[in-house]
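>>> Here's a sequence, model it:
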Amino acid sequence: MLPDEPPQPPASVAAPAALVEAAPAAERPERMNRSAVLWVALAIFAQESVWNFYDAQVPAQLRQFVSSATVIGLIMGLDTGLGVIIQPWTGLISDRLARSRTGRWPIVVAGACVAAVPFALIPWATGLPMLMLCIFAFGLTANSFKGVTETLVSDYVAPQQRGRAQGFIKAGVSLTIIVSALISLLVVDHSLKAAFAIPPVLMVVMVTLSYCFLGRRHPTALRREDTGTGTGTGTDTDTDTDTDTDQADPFSSPWAVLKDLVREPSRARLLLMAGIFCFAGMWAALRSLTTPYGTEVLGMTRGAAGGIALPGAIAFLVCVVPLAYLSHRLGELRMIRYGIALFVAGLLVGFAEPTPAFTAASVAIASIGYAVFSVNGLVALWGLAPNNRVLGAYTGLYTVASASGMALGPALLGATVDLTGWRYMFLNAAVLGAVTFAVFTLVARRAGRPLAAAS
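This is a model prediction of the structure:
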């Protein structure tokens, strides 16, 4: 049932009530709480506006002190690597807070306010040690609430509608790439300190607005009414009993969740995480090294090179919602494989003609391919979760896979650049993308069928 429909029957009639309450949801499968999706999208927009600018400009900041592309890639992977350790724990903590009146919001609001400080201090660093301190502090604090913010959609949107909701949310996220590119184009070359101050201010303001309009006005939506099943047909009348039972079973720590993941007979979850690792790594590598590529190969200024991502952001924005609806029909794994093929094709376009126009077109094509993955990856993993009270933990597992890829991807692509030169960066990335396609082909075969949306 939809999260904002409060239960009414007593525990003694729980079974009949489940049938009664399931009927309205079945009669209106296309409806979702659009207001809630809007405010959740705003919260995610807030944090992603910072991460996108970070990925676009911090590599160029590091080049003032470090010449090796491999080292820059390793440093850029440090912050996402922290997510492997932090986010499963904060995900479990948020799962417990989700049943309270405030929901997961305290983690999100406090994390945004704290993370804004080291981010704004990055351009003030006069040496590598101070810059590394800012990078580490930002990575530590920003990762503490990143996965929690993404899990908010599971609190406000019924399982059968999460794929579509993700499409609208990712469309909002694509706007952050546009904002990042515009800041790079219009502000970076004039005042680097002002450019680094804009994204964290936006983050704090927008997270606060989202909390005021959603966290306080919809407290009942924060209750996990679809506990105990993956279909949303459970009732709140036995929530307390189910909660006590679940707290006693294997999902009380990230290690217990991980053990269940590894021992799952079909290995579908584990293989899916391997695919997430590969694709996220390639996308992070492309985002992290495109700006240096623009300055080294295309002869662009730092601000102009940072704006290469703008056409890609527009393409992502236009395509992501239709892709979400198409994925609902065709299945996530099939669509992700199509997306990887498109991603590789875009990279080959950029390699064939190293000009600003073709490079921008290349990034735009690759962005559409990545849009397919961004809509489907997390929803597919949620659909495979053992129950709906560990969705925050499974968001953390998604982050373990994606952050691990993001930590290693830029370093791996940077190593190939050190070996072959910046001119071959897009070709090297295309080869690694082909490996990613092979991994998802294996995932599809082992899973035995496309992972349909959780509906």
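>>> so how many other residues sit close to Leu298?
Close neighbours of Leu298, defined as other Cβ atoms under 10 Å, add up to 18. (Each C-beta comes from the backbone N, C-alpha and C, glycine too.)
>>> can you count the residues close to the nearest residue in space to it that is not next to it in sequence?
Spatially, and ignoring its direct neighbours in sequence, Leu298 is nearest to Pro356 (5.4 Å; Cβ to Cβ, 6 or more residues apart in numbering). When neighbours are counted by other Cβ under 10 Å, Pro356 registers 16.
>>> Pro356 and Met282, how far apart?
As judged by Cβ to Cβ, to the nearest Å, Pro356 and Met282 stand 22 Å apart.
>>> again, but for Gly83
Look at Gly83 and Met282: by Cβ to Cβ, they are 17 Å apart.
>>> now swap in Ser68 and tell me
When Ser68 is compared with Met282 (using Cβ to Cβ), they lie 20 Å apart.
>>> Comparing these two, which shows the higher neighbour count?
Met282 (29 against 14).
>>> Run the chain-centre distance for whichever strand or helix holds that one.
Take DSSP states H and E as the rule and Met282 turns out to sit in helix 268-296. With Cα atoms, centre = their mean, to the nearest Å as the basis, helix 268-296 stands 12 Å off its chain's centre.
>>> for that helix, packing partners?
Judged by 3 or more Cβ pairs under 8 Å, 6 or more residues apart in numbering; DSSP states H and E, the packing partners of helix 268-296 are helix 34-62, helix 69-97, helix 254-263, helix 302-306, helix 332-352, helix 356-383, helix 391-420, helix 425-447.
>>> looking at the ones you listed, which has the lowest confidence?
Across those, helix 254-263 has the smallest mean pLDDT, namely a mean of 69.
>>> quick one on the thing from earlier: the helix holding Met282 - what's its average pLDDT?
Mean pLDDT, computed over helix 268-296, is 83.
>>> With stretch 139-157 instead?
Mean predicted lDDT for stretch 139-157 stands at 79.
>>> Could you check how far that stretch is from the centre of its chain?
Remark: stretch 139-157 is offset 9 Å from the chain centroid, using Cα atoms, centre = their mean.
>>> The chain should start at 42 in everything you say after this.
From this message on, residue numbering opens at 42, which makes the last subject stretch 180-198.
>>> neighbours of the closest residue to Val242 other than its chain neighbours, just the number please.
Spatial nearest neighbour of Val242, chain neighbours left out: Ala157 (7.3 Å); criterion: Cβ to Cβ, 6+ apart. As a burial measure, Ala157 scores 22 neighbours (other Cβ under 10 Å).
>>> Secondary structure element for Ala157, which one?
helix 146-162.
>>> measure Asp459 to Pro129 for me?
For Asp459, the distance to Pro129 - Cβ to Cβ - is 33 Å.
>>> who's in contact with the residue nearest to Leu339?
335, 339, 341, 345, 349 (Cβ atoms under 8 Å, 6 or more residues apart in numbering).
>>> Can you give me the neighbour number for the closest residue to Val81 other than its chain neighbours?
Closest residue to Val81 apart from its sequence neighbours, by Cβ to Cβ, 6+ apart: Leu193 at 4.7 Å. Counted by other Cβ under 10 Å, the residues lying close to Leu193 total 30.
>>> what's around Leu174, how many residues?
Number of residues near Leu174 (other Cβ under 10 Å) recorded here: 15.
>>> Over to the one 3 residues further on?
For Phe177, the neighbour count with other Cβ under 10 Å is 15.
>>> just to revisit the earlier point, quick check: what element follows the helix or strand the residue nearest to Val81 falls within along the chain?
Using DSSP H and E, Leu193 sits in helix 169-197. Later in the chain than helix 169-197, the nearest helix or strand by DSSP H and E is helix 203-224.
>>> quick one: that following helix to chain centroid distance?
The chain centre lies 11 Å from the centre of helix 203-224; the measure is Cα atoms, centre = their mean.
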